[in-house]
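K.L.:
After the sequence you'll find the predicted model.
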Amino acid sequence: MFSRSTPDQAPAWFNQRGVQFVAVKRVSGYIAATAALLVTLLVTGCVTTTDSRFSREADRQKAIENYVQLATAYIGQGNMERARKHLDRALELDSDNPGALAALGLVYNTNGEAELAEKNFRKAISEDSGYTRARVYYGAFLYSRGRLDDALDQFRAASRDTEYKDRGSVFYNLGMTQERLGLQDEAIASYRRASELTRGDARSLLSLSRVMVESGDVAGAARYYDRLLGVMQRNPRLQHSPESLFTGIRIARHTGNRDQEASLALQLRNNYPESAEYQQYKALKPND
């Protein structure tokens, strides 16, 4: 880093340099010294200004990031008003920030303004096609509106980002979309990948087991269902749903495990007598 000379220091510097050149030509020495000082001042000024600009830009980006994080937290709490205030501040600093635009899309969607939500999701992606979170938000939006082919495109693109922290959820969403589109083999592959990335997430294991039963691979489904039961035993907060009970019933019936079938059927009848799964269970033929 160069140090900036003050007006009081300049004459002394000139005099010191002038002594060295006085025998040659005092005027030339003075001009050379002045030119050197100007260069020094210019270089020093440039370095200082550049550092300051970078510092200000870093501070601005950090502020935007903080606003978006706060807004996302408020969205998770359902407080859209507070979320919107923080996003407005972020967008005042950078109207094209993809994180703020994507989060604003969530706010609009929650408030029932689908057109504005989609506009912001699309703009966030156009500003940064590699911003995976925007694709995840947009994919979920499209899925919720029944636009499954479009949702599939977004989730597929998101799944290719190997640096995305929540890839397990991306593959789970991809599997759900593929399942709805009748792409069972692809759905099984996506659910399996989701279970691998989440190290045995109960949601992924259940979906994988269910789809494998429906595809006819009951033996494979049984292996993943056993893993699901193990996860539930280790975590008392996890409780059976109608889906998990009915999936287990179908597997137990196929493998001839009558005790397990009876136990799961009793839970289904007692806990979820009005569920669609219980009605399906009652409709099962004895040899199904």
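P.N.:
Noted; the coordinates are in hand.

K.L.:
Which residue is the nearest non-sequential neighbour of Asp149?
P.N.:
Leu181 (7.4 Å; C-beta to C-beta, 6 or more residues apart in numbering). Quick note: C-beta positions are derived from backbone N, CA and C, even for glycine.

K.L.:
tally of neighbours for that neighbour?
P.N.:
With neighbours defined by other C-beta atoms under 10 Å, the count for Leu181 comes to 14.

K.L.:
right, and it touches Leu152 too?
P.N.:
Yes. Contact criterion C-beta atoms under 8 Å: Leu181 and Leu152 qualify, at 6.7 Å.

K.L.:
Now list whatever residues contact both of those two.
P.N.:
Listed contacts common to Leu181 and Leu152 are nil; contacts here mean C-beta atoms under 8 Å, 6 or more residues apart in numbering.

K.L.:
Show me how far stretch 139-153 is from its chain's centre.
P.N.:
From the chain centre to the centre of stretch 139-153 is a distance of 17 Å (C-alpha atoms, centre = their mean, to the nearest Å).

K.L.:
in it, what counts as buried?
P.N.:
Neighbour-count burial for stretch 139-153 flags 139-143, 148, 150-153 (criterion: 16 or more other C-beta atoms under 10 Å).

K.L.:
Okay, and which of those residues map to helices?
P.N.:
Secondary structure from DSSP state H places 139-143, 148, 150-153 of these in helices.

K.L.:
Just put those in CSV and tack on pLDDT and distance to Gly168.
P.N.:
Putting those into CSV (pLDDT from 0 to 100; distance: C-beta to C-beta, whole Å) gives the following:
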residue, pLDDT, distance to Gly168
Gly139, 97, 15
Ala140, 97, 15
Phe141, 97, 20
Leu142, 98, 20
Tyr143, 97, 17
Leu148, 98, 21
Asp150, 98, 22
Ala151, 98, 18
Leu152, 98, 18
Asp153, 98, 20
